[in-house]
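[1] I need the structure of the sequence given here:
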Amino acid sequence: MENSYSKEKMFKTLFEISQTLNSILSLERLLNKVMDLAIETLHAERGFIILKNESSDELKIATARNMEKQDVKDLSVISRSVVRSVLHDRKPLLTHDAKVDTRFRGSESVRLHNIISIMCVPLLLKNRLFGAIYVDNTRKKGVFSDEDLEFLTIFANQAGTVIENARLHESLLDENVRLRQEVRKIYGYESLLGRSPKMLRFFELLDRIIDSDVSVMLLGETGTGKELAARTIHYNGPRREKNFVPLYCGSLPETLLESELFGSKKGAYTGAVQDRQGLFEVADGGTIFFDEVCDVSHPIQAKLLRSLQEGEFRRVGETKIRRADVRVISATNKDIKKEVR
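    Here you go, the predicted model:
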């Protein structure tokens, strides 16, 4: 048996592998990369990652690869007796020749598929078992050494962390999609009550503007559902995957409103201890909703108008011009014609 590693080479290889793995968030890509790296480094013929279902504890082969970095189609070729032993004992396992090893020579898969050299280690995270990494060779015995087993054990500890992070990342993405779908249901047309002729005309107007980027002004008395209408426009339109940012303009004094809208530079005013994004930056790509927009002072209105026309703004205390792509929906309970006079 070859001693594949000096300690220095082992740690250098593990460091390089960790940098590669930490750059991948897609679970499928990550699992394939983990297996390809293990096979390549250990000169294995095939490799498998087995994961436990969190809710049922059922075992599933999550990825199966060969030395050509191709998927293994026949998943029955793995020695399940080896995997069961590792998962039961929660300890790494190495056999130089499974066909004469008293623990596995009676295994049907070992005999049928001529499995000879095998290594298998548990995947653990904070002492929680969630799977195993398995590699083998059907061509010759003694392919793997004790040093190889030590390497694969350390490698599995690294891989366990990044695999779990990728699983959580995918879970969060799925949850995000589900929640956005729920939001679209909540703010569908069904959420707007009423089937009177006036409401039907209002729905027709919504149909005409929802898929565009035009700015919208909603007029109506307090409590008539202007913000609900604004959310309906956003969550049914092309910007629905981005933020909907509401702002009640009547609640903020002029100086605070400017920094709230455009952000501020560190040191721009007392208490500005760090750079701060404004709502235009937060809403970039999405929609910003100005409730009671007529309460905005004239100086702020002028700056707001430039931002709407040019898509440009400056943070308070900063000379740098920034850009934001937002759709603006405004609302007021006042008579605009009277306010303009």
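
[2] Low-confidence regions, the stretch 101-250 of the chain specifically.
    The stretch 101-250 of the chain contains residues with pLDDT under 70 at 180-195.

[3] ok, L42 touching F151?
    Yes. Using Cβ atoms under 8 Å, L42 is in contact with F151, at 7.2 Å. Every C-beta, even on glycine, is put in place using the N, C-alpha and C of the backbone.

[4] buried sites along stretch 331-341?
    Neighbour counts over stretch 331-341 (16 or more other Cβ atoms under 10 Å) mark 331-332 as buried.

[5] and that stretch, how far out from the chain's middle?
    Centroid displacement of stretch 331-341 relative to its chain, using Cα atoms, centre = their mean, to the nearest Å, is 44 Å.

[6] Stretch 28-40 too?
    From the chain centre to the centre of stretch 28-40 is a distance of 20 Å (Cα atoms, centre = their mean).

[7] Could I get the buried residue list for that stretch?
    For stretch 28-40, by 16+ other Cβ under 10 Å, it's 30-39.

[8] starting at the chain centroid, how far to the longest helix along the chain?
    Ranked by residue count under DSSP state H, the longest helix found in the chain is helix 146-186. Its chain's average C-alpha position is 9 Å from that of helix 146-186, according to Cα atoms, centre = their mean.

[9] Output the contacting helices and strands for it.
    For helix 146-186, the elements it packs on are helix 7-21, helix 27-42, strand 93-95, strand 117-125, strand 128-137, helix 226-235, judged by 3 or more Cβ pairs under 8 Å, 6 or more residues apart in numbering; DSSP states H and E.

[10] let's see it at 10 Å
    helix 7-21, helix 27-42, strand 46-52, strand 93-95, strand 117-125, strand 128-137, helix 226-235 (3 or more Cβ pairs under 10 Å, 6 or more residues apart in numbering; DSSP states H and E).

[11] Please convert those to JSON lines, extending it with distance to I336.
    Listed next are these as JSON lines, based on distance: least, Cβ to Cβ, whole Å:
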{"stretch": "helix 7-21", "distance to I336": "58"}
{"stretch": "helix 27-42", "distance to I336": "52"}
{"stretch": "strand 46-52", "distance to I336": "60"}
{"stretch": "strand 93-95", "distance to I336": "77"}
{"stretch": "strand 117-125", "distance to I336": "59"}
{"stretch": "strand 128-137", "distance to I336": "60"}
{"stretch": "helix 226-235", "distance to I336": "14"}
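
[12] just these: most buried one?
    Mean neighbour count (mean count of other Cβ atoms under 10 Å) peaks for strand 117-125 among the helices and strands packed on helix 146-186, with a mean of 24.

[13] Direction included, what does that strand pair up with?
    Sheet pairing for strand 117-125, assigned by DSSP bridges, gives strand 93-95 (antiparallel), strand 128-137 (antiparallel).

[14] Among the buried residues of stretch 28-40, which one lies nearest to S212?
    Using Cβ to Cβ, L30 is the member of these that lies nearest S212, at 40.2 Å.
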